[in-house]
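Asker: Requesting a structural model of the entry that follows:
(one chain, ligands or ions: 2)
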Amino acid sequence: MNHTTHLLGFPRIGAKRELKTLLESHWRGDIDEAALLRGAKALRQKHWLLQKGAGVALNPVGDFSLYDHVLDAQLLVGAAPPRFGFAAASLSTAQYFELARGNAAQPALEMTKWFDTNYHYLVPEWQTDTVFAAQPQRLLTQVREARALGMAAKPALLGPLSLLWLGKAKGQPFDKLKLLPGLVAAYREVLAALRAEGVEWAQIDEPILALDLEPEWLDALAPAYAELSPHAPKLLLATYFGGVAEHAARLKALPVAGLHLDLVRAPEQLDAFAVDYPADKILSAGVIDGRNIWRADLSALQDRLAPLAEQLGDRLWLAPSCSLLHSPFDAAAETALDHELKNWLAFAVQKLNELKTLKRGLEEGRAAIADELAGSDFARSQRQTSPRIHNPAVSQRLSRLPANADRRASAYPIRAEKQQAWLQLPPLPATTIGSFPQTPAIRASRAAFKKGELSADDYRQAMEKEIELAIRRQEALGLDVLVHGEAERNDMVEYFGEQLAGFAFTQGGWVQSYGSRCVKPPLIYGDVSRPAAMTVDWARYAQSLTAKPVKGMLTGPITILQWSFVRDDLPRSEVCRQIALALNDEVLDLEAAGIRVIQIDEPAIREGLPLRRAERDGYLAWAGQAFRLSCHGVDDATQIHTHMCYSEFGDILPAIAALDADVITIETSRSRMALLEDFGRFHYPNAIGPGVYDIHSPRLPGDGEIRALLDKALKVIPADRLWINPDCGLKTRGWPEVEAALAAMVRVGRELRAELAQRA
Ligand code: GLN
Ligand code: ZN
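Answerer: Ligands and ions are numbered 1, 2, ... in the order given. Got it, this is the predicted structure:
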């Protein structure tokens, strides 16, 4: 028996983020194009050799990208947006980066999240007259590169339906499917060129199959592949990020040589495929988690796969669930993690070895991999019992919560009255979202403290100086609810994760976010609790400096969950509830310390939405419950704020309202209050602070502009529930612009206040 192992894709950024370094030095002008391309080629080769060393039989080609694989797919079919005026056939590297990053005349392609990952792709732009023309040269070059190294090259392409679906119709709205015939013709040519090159297998990804797909798109699948396959290498159609069981009959009948299924996200879908699996197809079982960092349970996988191996023989292939693009590179490089924790992890390199082991086990029997199984069993049993993971106090506390633990004592109108009784805020109160500029001095102090060059005392004093500065400036500006400024925070999740039990941090666990940008999410490995207060001293110090109310600042449970790698031995909802309780401790401590306005940021609530509509209500229910749980036991008179960026949540307003925050601040200035109209139509019941200053732009808003936004806001939100604030935190800006913008904001607010008083 021989079970082919393969990958859908590999992390292209490199073990030490080499691609980031190459790209950024090239963009800075430190290295020329030739050096960049040489470096990129060397990186690809290194990754292929690494795969080969782990026994991977088919190596993906084309998964590597200088910026984004969706942009590459657009270019493969010659579909760069015409607004740039570039010739598809002779696109230069410089022009490639202009598409990705914009140039003096044209903004970059829009960027959006790749399904429910933290990767962002460049959105194709479709027009009624978009023409396609195959441009396979770059891909062919890489195929030859791989083959020169002795690799069995398996080109990995984003499929035509997914590419088309993921793009946006520009100009007059039109049915994107009208473009499919031309697009398929271009794909046909690309695939024919690969076949002529002697490529045996090509992988073609159709991840949109795991979404709620419109029937027309599903019906377009069979004709498209009937058109492609006669001229193509053997096609492996890959689906991932969810189950496609409801399309099993359709996919089994498709004229392709194999199917890849994500059996990590949707293990149950195997049943729908295994019955009557067509004899002419291979089945690629995606069993190693490409989206998370935990070691696989190899014993359980052997048990699950053995009958399938029996049934399919060589036609069973083994793979990670999805591209390893979403996995960090190598856990072995984590020298600061303790041995026990490190032993629970599998990054991309370790996942390759897991594949290899699974293959051997299935081919040669369990005895052949006895050591590896013992190692995996040991890690699993440790995770099941380790006191570092399991803290009975946490589960007990959760199980003993009263049924109404996620409800405030009184309804919003009563709370609002009690809050106003002590806050005595003027109409249209002005505030900010939390952070003030992270100056070089602040970053230098933090770095020195981390390195041990600055004592804890000196560091505290340095931060207190910053807090005092922020308070004085806010007082001078005339803001009504002040913040301490978040000088001490490196990152809004990391800051909390570092102080919570159950979290760990890696040194090199980077994953690509977009282009050269990477993120390094914390690992939530155990039950979450809060050993000691995390923000209280800073907030209390800030409050001691002023008679104005200071707003305490926390990152919410959903956002902490969403921006971390989460343990896989508990439901995400449960982990989220644990985080909520830890935050609840902080909320109550802040309240006891006299901080009676508390903001719990949830910028990630929208991006946690499941891909399938049927699962969304369930998610919103537990996410909302966790948010409210973090305010458990708070006094009516304590004012809870929340904040969200990215204005795309018009469709989940009922869930946002159900958070029952007293005040919500949102990003609206860019969209010119479009979101606010949704809030108005929905009759959002509590107070709202729509952003009037676009903090993502260095441009200062003029008084007239702010006024226009507020006038618009007043049409949908009653004046007594309207706040004035910027779109988001100000940490990326400089003080001079922040002071100017906030001064304008306060000035316009006061004028409007006076007018409202006169009218009354
Ligand atoms: N309080 C955070 C800040 O001001 C909020 C950041 C965010 O919403 N992403 O920086
Ligand atoms: Zn924000």
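Asker: Okay, strands next: where are they in the stretch 201-350 of the chain?
Answerer: 201-205, 234-238, 258-262, 282-288, 316-320 (DSSP state E, counting those that start in this stretch).
Asker: Looking at these, which is nearest to R383?
Answerer: Taking CB to CB, strand 282-288 is the member of the strands of the stretch 201-350 of the chain nearest to R383, at 16.9 Å. For the C-beta atoms, the positions are set from N, CA and C on the backbone; glycine is no exception.
Asker: F347: neighbour count?
Answerer: Around F347 there are 24 other residues, counting by other CB atoms under 10 Å.
Asker: if I pick it, what's in contact with it?
Answerer: By CB atoms under 8 Å, 6 or more residues apart in numbering, the residues touching F347 are 293, 327-331, 509.
Asker: can you tell me which of those are in helices?
Answerer: Using DSSP state H, no member of these sits in helices.
Asker: Enumerate every residue touching the residue in the stretch 251-400 of the chain positioned nearest to ligand 2.
Answerer: Going by CB to the ion, ligand 2 is nearest to H326 of the stretch 251-400 of the chain, at 23.9 Å. Counting by CB under 8 Å, 6+ apart, H326 touches 117-119, 290-291, 511.
Asker: partner residues bridging the closest residue to P81 other than its chain neighbours?
Answerer: The spatially closest residue to P81, leaving aside those adjacent along the chain, is E125, at 4.2 Å (CB to CB, 6 or more residues apart in numbering). E125 forms beta bridges with K168, as assigned by DSSP bridges.
Asker: how close does E125 sit to F84?
Answerer: As judged by CB to CB, to the nearest Å, E125 and F84 stand 10 Å apart.
Asker: Report pLDDT for the residue positioned nearest the centre of the chain.
Answerer: Closest to where the C-alpha atoms of the chain average out (CA atoms, centre = their mean) is N118, at 2.4 Å. Looking at N118, its pLDDT reads 91.
Asker: Look through the chain and state the residue closest to ligand 1.
Answerer: Closest approach of the chain to ligand 1 (CB to the nearest ligand atom) occurs at G729, with a separation of 2.0 Å.
Asker: how deep is that residue tucked in, by neighbour count?
Answerer: G729: 25 neighbours (other CB under 10 Å).
Asker: List phi and psi for the closest residue to K342 other than its chain neighbours.
Answerer: Among residues not flanking K342 along the chain, E334 sits closest, at 5.7 Å (CB to CB, 6+ apart). E334 adopts backbone torsions of phi -80, psi 90, taken as degrees, to the nearest 10.
Asker: Might you report the residue contacts of E334?
Answerer: Contacts of E334 (CB under 8 Å, 6+ apart): 342, 345, 506-509.
Asker: out of these, which are buried?
Answerer: For the contacts of E334, a burial check counting by 16 or more other CB atoms under 10 Å picks out 342, 345, 506, 508-509.
Asker: Identify, from these, the entry nearest to D568.
Answerer: L345 (11.6 Å).
Asker: Report the beta-bridge partners for the closest one.
Answerer: Residues in beta-bridge contact with L345 (DSSP bridges): W294.
Asker: isn't it right up against W294?
Answerer: Yes: when contacts are counted by CB atoms under 8 Å, L345 is listed as touching W294 (6.7 Å).
Asker: before we move on, the earlier item: measure the residue nearest to K342 to F682 for me?
Answerer: E334 is 46 Å from F682, where distance means CB to CB.
Asker: With Q384 instead?
Answerer: Distance, Q384 to F682, using CB to CB: 45 Å.
Asker: Compare the two and say which is more crowded by neighbours.
Answerer: F682 (14 against 10).
Asker: Now do the same contact list for the more buried one.
Answerer: 653-654, 657.
Asker: Apply 7 Å and report the result again.
Answerer: For F682, the contact set (CB atoms under 7 Å, 6 or more residues apart in numbering) comprises L653.
Asker: Check it and give its pLDDT.
Answerer: F682 is assigned a pLDDT of 89 by the prediction.
Asker: before we move on, what about N584?
Answerer: 98.
Asker: of the buried ones among the contacts of E334, list those near ligand 2.
Answerer: Among these, no residue lies close to ligand 2 (CB under 5 Å from the ion).
Asker: what would those look like in JSON lines with pLDDT and distance to ligand 1?
Answerer: JSON lines is the format used below for the buried ones among the contacts of E334 (pLDDT from 0 to 100; distance: CB to the nearest ligand atom, whole Å):
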{"residue": "K342", "pLDDT": "97", "distance to ligand 1": "31"}
{"residue": "L345", "pLDDT": "98", "distance to ligand 1": "28"}
{"residue": "T506", "pLDDT": "97", "distance to ligand 1": "22"}
{"residue": "G508", "pLDDT": "96", "distance to ligand 1": "24"}
{"residue": "G509", "pLDDT": "97", "distance to ligand 1": "21"}
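Asker: wait, which of these is closest to N490?
Answerer: T506 (14.7 Å).
Asker: The closest one belongs to a strand?
Answerer: No: with DSSP: H, G, I helix; E, B strand; the rest coil as the criterion, T506 is located in coil rather than a strand.
Asker: Any stretches of this structure with poor pLDDT?
Answerer: The model of the chain has pLDDT under 70 over residues 647.
Asker: Can you tell me which residues in it are near ligand 2?
Answerer: 603, 645, 728.
Asker: What about these, which one has the most neighbours?
Answerer: Neighbour max across these (other CB under 10 Å) = C728, 26 neighbours.
Asker: So that one, which state does it fall into?
Answerer: coil.
Asker: Please shift the residue numbers so they start at 522 in all later answers.
Answerer: I'll keep to 522 as the first residue from here, and by that count the last item is C1249.
Asker: quick one: it from M1013, how far?
Answerer: Between C1249 and M1013 the distance, using CB to CB, works out to 11 Å.
Asker: Tally up the residues packed near the residue nearest to P602, please.
Answerer: E646: 20 neighbours (other CB under 10 Å).
Asker: residues touching it, list them.
Answerer: 602, 630, 688-689, 691.
Asker: ok so, going back, any chance of TSV for the contacts of F868, columns distance to L529?
Answerer: TSV is the format used below for those (distance: CB to CB, whole Å):
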residue	distance to L529
I814	17
S848	11
P849	17
F850	16
D851	19
A852	20
G1030	20
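Asker: Now do the same contact list for D1048.
Answerer: 910-912, 915, 1023, 1099.
Asker: which one's the longest helix in this protein?
Answerer: Assigned via DSSP H, the chain shows its longest helix as helix 1256-1280.
Asker: Find the helix or strand that Q595 is a member of.
Answerer: Under the criterion of DSSP states H and E, Q595 resides in helix 590-597.
Asker: could you say what helices and strands that helix packs with?
Answerer: strand 641-643, strand 674-679 (3 or more CB pairs under 7 Å, 6 or more residues apart in numbering; DSSP states H and E).
Asker: repeat that for 8 Å
Answerer: Using 3 or more CB pairs under 8 Å, 6 or more residues apart in numbering; DSSP states H and E, the elements in contact with helix 590-597 are helix 614-622, strand 641-643, helix 658-669, strand 674-679, helix 681-687.
Asker: Name the residues that touch it?
Answerer: By CB under 8 Å, 6+ apart, helix 590-597 touches 530, 583-584, 586, 601, 609, 612, 617, 620-621, 630, 635, 642-645, 655-657, 659-660, 678-679, 684, 687-688, 707, 711.
Asker: Which parts of the stretch 1022-1171 of the chain are helices?
Answerer: 1057-1065, 1078-1083, 1093-1113, 1137-1150 (DSSP state H, counting those that start in this stretch).
Asker: closest one to M1266 among those helices?
Answerer: Per CB to CB, nearest to M1266 of the helices of the stretch 1022-1171 of the chain: helix 1057-1065, 20.4 Å.
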